[in-house]
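Engineer: got a predicted model here, sequence first, then my questions.
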Amino acid sequence: MHRRDFLKTTLGGAVALAAASVPRIDFAQAAGSAAGAKTSDPGKIPSNKIRGVNLGGWLVLERWMVPDVYSKTDAQDEYSLCLALGDEAKGRLNHHREKFITVEDFRWIADHGLNAVRLPVGYWALEAPKPYVESSAFIDFALAQAQKNNLKLLLDLHGAPGSQNGWDHSGRSGPIDWPNDPQNIKETLRVLESFAQKYGQHPALFGIELLNEPRDVVPLEILQQFYQDAYAQMRPHLNPAVAIVFHDSFRPLAWKKFMQEPAFSNVILDTHLYQCFDEAARGRTAQEQLEFAIKRQTALDKMQSEELPTIVGEWSLSLPQHSMRGLSPFQVAAVKRGYADTQLLNYEGTRGWFFWSYKLQSESEWNFKYCVERGWMPGNFAV
């Protein structure tokens, strides 16, 4: 099942956080809630507030984001691509890695007032089983550039052995075998400990995310045990200031009394918010999309007060085409700006956010750099 199809047929993070019973909220209320989270100095990002972008499509490939890397193949994921390319895989992937994200990109991110990047990597990043190609040198490069540009980096394990969600961005689409074989979980823990040992004291490291988007079919008890075991193995190697981050598994309100202080320190909950995949979203008008986005503030506040400090690790400006039906180009641009501002206001009340994604080959609502250049997003995120 593709990620789009999953989000059509499940409550997931997007719908669960909307909570239809939430009373209507206006823009003034949302702005007031966000303002309450700011420091006394409105000219600076609060020291613990994250405003960042994902470096998607770089060290974990997704065909829709970087189709040129997949040229002359029918491969739909990184595993199949490497298998199809054989001995040519290393050259093609490393050429892409060298060109897609460069020194200039880190400089652009910093110059526009962002203070963090989220870096998706696969379990094959440090030691690549065939047919994968390892990417450790590029992780080193990213950390060095983050430090040079005063950015923090969240290292995100995007793909685990056996696949935690069956989607292409786990490295291999198909069955969800990660929770079914204890060896898969053991290997994932080993990889995470290796990350902690190698990068845990790096001054640019904000945190390590234990596993991106494990599907809600993964039994909660297995996932919770994995998160706690990962914490126990990693924390001794990490600077206390480095956060351990875990995804809500599309069950955003299932984490009450989980991994709390004082037994666990500096733990952050990650949720991903989109309004473009499920059937309900496809039926909303532009105005209804904005109202829906505003209502999420209440659920995010609940996550923060009843569970853990929360980040929105993925979000975008993508809305279904139906929502834009009958609108002029001027009106579409206004909707994009309103949708961006609504989300930014909401997410200021959390620990922070990472837009998906910094750049793509195409110009679209998923391309942060393009959104800024089009004027849909602010040009400076430091104020």
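Structural biologist: Yep, that arrived.
Engineer: give me the distance between the closest residue to R351 other than its chain neighbours and F195.
Structural biologist: Excluding its sequence neighbours, the residue lying closest to R351 (CB to CB, 6 or more residues apart in numbering) is P309, at 4.5 Å. Bear in mind the C-beta positions are built from the backbone N, C-alpha and C, glycine included. To F195, P309 is 21 Å away according to CB to CB, to the nearest Å.
Engineer: look at those two and report which has more neighbours.
Structural biologist: F195 (24 against 16; other CB atoms under 10 Å).
Engineer: now do the SS call for that one.
Structural biologist: helix (DSSP: H, G, I helix; E, B strand; the rest coil).
Engineer: next up, the contacts around it.
Structural biologist: Residues in contact with F195 (CB atoms under 8 Å, 6 or more residues apart in numbering) are L126, L155, L157, I208, M234.
Engineer: bridging residues for the fourth one?
Structural biologist: Beta bridges link I208 to L155, I244, judged by DSSP bridges.
Engineer: mind checking pLDDT for it?
Structural biologist: If you check I208, the pLDDT there is 98.
Engineer: check R4 too.
Structural biologist: 45.
Engineer: longest helix in the protein, please.
Structural biologist: helix 286-306 (DSSP state H).
Engineer: quick one: it to chain centroid distance?
Structural biologist: 18 Å (CA atoms, centre = their mean, to the nearest Å).
Engineer: about what we covered before: by neighbours, which of the contacts of F195 wins?
Structural biologist: Going by other CB under 10 Å, L155 tops the contacts of F195 with 28 neighbours.
Engineer: surely it meets N212?
Structural biologist: No: when contacts are counted by CB atoms under 8 Å, L155 is not listed as touching N212 (11.0 Å).
Engineer: end to end on stretch 251-261, go ahead and measure it.
Structural biologist: 21 Å (CA to CA, to the nearest Å).
Engineer: what's around V217, how many residues?
Structural biologist: 14.
Engineer: next one, pLDDT for the nearest residue to it once chain neighbours are set aside please.
Structural biologist: Excluding the flanking residues, the one nearest V217 by CB to CB, 6+ apart is I176, at 6.3 Å. Note for I176: predicted pLDDT of 98.
Engineer: any idea how far R251 lies from D216?
Structural biologist: In terms of CB to CB, R251 sits 6 Å off from D216.
Engineer: for D111, see how far away P203 is.
Structural biologist: 21 Å.
Engineer: how about K257?
Structural biologist: Taken as CB to CB, the span from K257 to D111 is 42 Å.
Engineer: which of those two has more residues huddled nearby?
Structural biologist: Between K257 and D111, counted using other CB under 10 Å, D111 has the larger neighbour count: 13 against 7.
Engineer: per-residue confidence at that one?
Structural biologist: The predicted local confidence for D111 is 98.
Engineer: got it, and E88?
Structural biologist: 98.
Engineer: that one falls within a helix, correct?
Structural biologist: Yes: applying three-state DSSP, one finds E88 inside a helix.
Engineer: can you tell me how far it is from L81?
Structural biologist: If you go by CB to CB, the gap between E88 and L81 works out to 10 Å.
Engineer: what do you get for Q201?
Structural biologist: Taken as CB to CB, the span from Q201 to L81 is 34 Å.
Engineer: what about the two, which has more around it?
Structural biologist: Higher neighbour count among Q201 and L81: L81, with 23 against 12, using other CB under 10 Å.
Engineer: how much space between the spatially closest residue to that one that is not a sequence neighbour and G171?
Structural biologist: In this structure, L81 finds its nearest non-sequential neighbour in A75, 3.9 Å apart by CB to CB, 6+ apart. Distance of A75 to G171, computed by CB to CB: 12 Å.
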